[in-house]
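Student: heads up, no residue letters with this:
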């Protein structure tokens, strides 16, 4: 029982991490404690390699129920880093349990499979595993696994934002843990309820449950768990803006961390303490505490929480009017955030650099940082919308699965009744053959049994009819949900089109006025530089608007207008139009079009121009200076026309290739001269090629350049 509690204590720790990350991102993006929390929580998930080796050693000489327990322990240890291994060992344990005909514990392996599936992002499979574990736990009268299956289901619904359903499962698990007197389970249930109340801004209930969990952790005398409970409670008070209590609990957590020498969690706690001191205006204390945390993070080279520590120190320096030091820390935070692709810290860095530029009256930096801050802020809003759609889709899928389960149960009842009837008839037939003299008695019994079966079947038919009506009602609701999703997507596209069109005209006016101002002879060099900055920024925005409008237009399924086009002439025009852009980076555009001279292609010329422009522009954008871009065209063996654009850029990784043609999907490569990239170019190319019944192929490996080959049919 002690080892089981230890395993599920770790399970609950992971669940808390997963839930907190999702809800902090969804409801509090940009708050200083996000990345600090993430990294400190992850330290608790590191694999215990010594323990894994010990379990494997014991497994070689074990058998029976002991082997079953060791397989489950091994499956659990792999759940964070190698969830597929968790599934493998848990299934081995499940097979062994069935072979040994164990009366309890079978649900534990299935629960672990659900945890691994949740790690992999397969939430529907995780739901099915948890539901199956719950069913088996009920059949085997396994109260322990019944409780953990229930809390796992609650956690899954909480992660998807279905708070009412999460609350339902949490309150079901709580009395079971109380009956079992399982302190670890009770602690996690109280913390789960506290998290739920915190999300709902019911801070009174959240505080009550966090304090209950803390009291129980103190009684269990596990210093690491006590430290985690103190940190959770301290963060609640930070959310409530009760900085005095936040500091009190965080200082207690700091003391606990010193006892177990947990440097990473101590660094997190110190950074949070610095935030509270900063909010109270105690700048000297905040500076000292943040410096200690920052030094520990740098010592451990933990880049995930490094941006937030830099940002906190930068804010402290900003409040202390030490603008030079503040800029140094904000720049450092931005650099790490860009490297780790931390969108929230990146947005916060640009926000504080904008505030800093305003204080220093640096107009150019103000414009640049403010624009980048707004772009990232809009990107996060789009992510929130996407998560909302995913949550609705998950809820619909869960409802469908539950209806399917109910229908399967109904069919199972019918089958059991049919089997029972058949067995009864066989018994009666044998009795008739063996005891002919008692034929009348057995006939009477047979008629009575049939009446009972028919009555039962009639009740079951009524139940099935009710289920059918319920399914019909649910299908209507599903249709309504699907229509709502369609309307939401259409409204998003319409809004995007309106915004892009409304922005286009003022951007053109700004560009035109800038050009007129540039013609003034009395302008100084600085003024001309500012005008050029305005023109560059305006042109970048116009390019983005053009791509957005093109992407929206392509979704309208407009039929191409075909005409006979001279391929080599069309390609030479496109190459000539991009020659000046390539010269800015000293890139040579080489063309070999001898194979298609005087060849014509029946195609939409505007589509062809856009495809070639996007491929060559991308090659220029992602190639380093003084490199070469090669454009070659030719004919296939079946007389189709192919066009190749080959560069010497960074190439594409295997992960990039999986998301190559997705809209707004930025890949690992970055433009080499600071050009803008919105993730639409290749998506537009793929759409246009498909409209023209063509094909597109990528030949690339990381660090060795890339070659896009587009093939079009002659007719």
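Tutor: Alright, I've got the coordinates. Predicted, not measured: the structure shown is a model, and the values here were computed from it.
Student: Can you spell out the domain ranges of the protein, please?
Tutor: Following automatic domain parsing, one gets these domains for the chain: 48-180, 389-556, 563-712.
Student: could you redo the ones you listed as TSV and give each row mean pLDDT and distance to residue 280?
Tutor: No exception for glycine: its C-beta is placed from N, CA and C like everyone else's. TSV is the format used below for those (pLDDT from 0 to 100; distance: least, CB to CB, whole Å):
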stretch	mean pLDDT	distance to residue 280
domain 48-180	86	32
domain 389-556	74	37
domain 563-712	86	40
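Student: Please work out which of the ones you listed is packed deepest.
Tutor: Of all the domains of the chain, domain 48-180 carries the top mean neighbour count, a mean of 19, counting by mean count of other CB atoms under 10 Å.
Student: Now do the longest helix belonging to the chain: which elements does it pack against?
Tutor: Ranked by residue count, the top helix of the chain under DSSP state H comes out as helix 439-518. Applying 3 or more CB pairs under 8 Å, 6 or more residues apart in numbering; DSSP states H and E, one finds that helix 439-518 contacts helix 363-434, helix 525-554.
Student: between the domains of the chain, which one is nearest to residue 288?
Tutor: For these, proximity to residue 288 was assessed by CB to CB; domain 48-180 is nearest, at 34.6 Å.
Student: wait, what's in contact with the nearest residue to residue 77 once chain neighbours are set aside?
Tutor: Distances taken as CB to CB, 6 or more residues apart in numbering place residue 52 nearest to residue 77, at 5.1 Å, with adjacent residues excluded. Residue 52 is in contact with 74, 77, 78, counting by CB atoms under 8 Å, 6 or more residues apart in numbering.
Student: Check residue 244 too.
Tutor: When contacts are counted by CB under 8 Å, 6+ apart, residue 244 touches residue 280.
Student: Quickly find the element holding residue 97.
Tutor: helix 83-100 (DSSP states H and E).
Student: With residue 651 instead?
Tutor: Following DSSP H and E, one finds residue 651 outside all helices and strands.
Student: next one: phi and psi at it?
Tutor: phi 80, psi -180 (degrees, to the nearest 10).
Student: Hmm, residue 680 is touching residue 663, no?
Tutor: Yes. Contact criterion CB atoms under 8 Å: residue 680 and residue 663 qualify, at 6.0 Å.
Student: Could you measure from the closest residue to residue 166 other than its chain neighbours over to residue 595?
Tutor: Leaving aside its sequence neighbours, residue 166 sits nearest to residue 158 (CB to CB, 6+ apart; 3.8 Å). Taking CB to CB, to the nearest Å as the measure, residue 158 falls 61 Å from residue 595.
Student: still on that earlier bit, what is the helix holding residue 97 packed up against?
Tutor: Here helix 83-100 touches helix 64-77, helix 106-119, going by 3+ CB pairs under 8 Å, 6+ apart.
Student: before we move on, the earlier item: host element of the residue nearest to residue 77?
Tutor: Residue 52 belongs to helix 49-60 when assigned by DSSP H and E.
Student: Could you check the angle that helix makes with helix 83-100?
Tutor: Calculated by axes from the mean of the first three to the mean of the last three CA atoms, to 10 degrees, helix 49-60 forms an angle of 30 degrees with helix 83-100.
Student: what's the angle from helix 49-60 to helix 64-77?
Tutor: 150 degrees.
Student: ok, the residue nearest to residue 77 to residue 112 distance?
Tutor: 15 Å.
Student: Pretty sure residue 643 sits in a strand.
Tutor: Yes. Residue 643: assigned to a strand according to DSSP: H, G, I helix; E, B strand; the rest coil.
Student: Which residues are in contact with it?
Tutor: Taking CB under 8 Å, 6+ apart as the definition, contacts of residue 643 comprise 567, 571, 612, 631, 632, 633, 709, 710, 711, 712.
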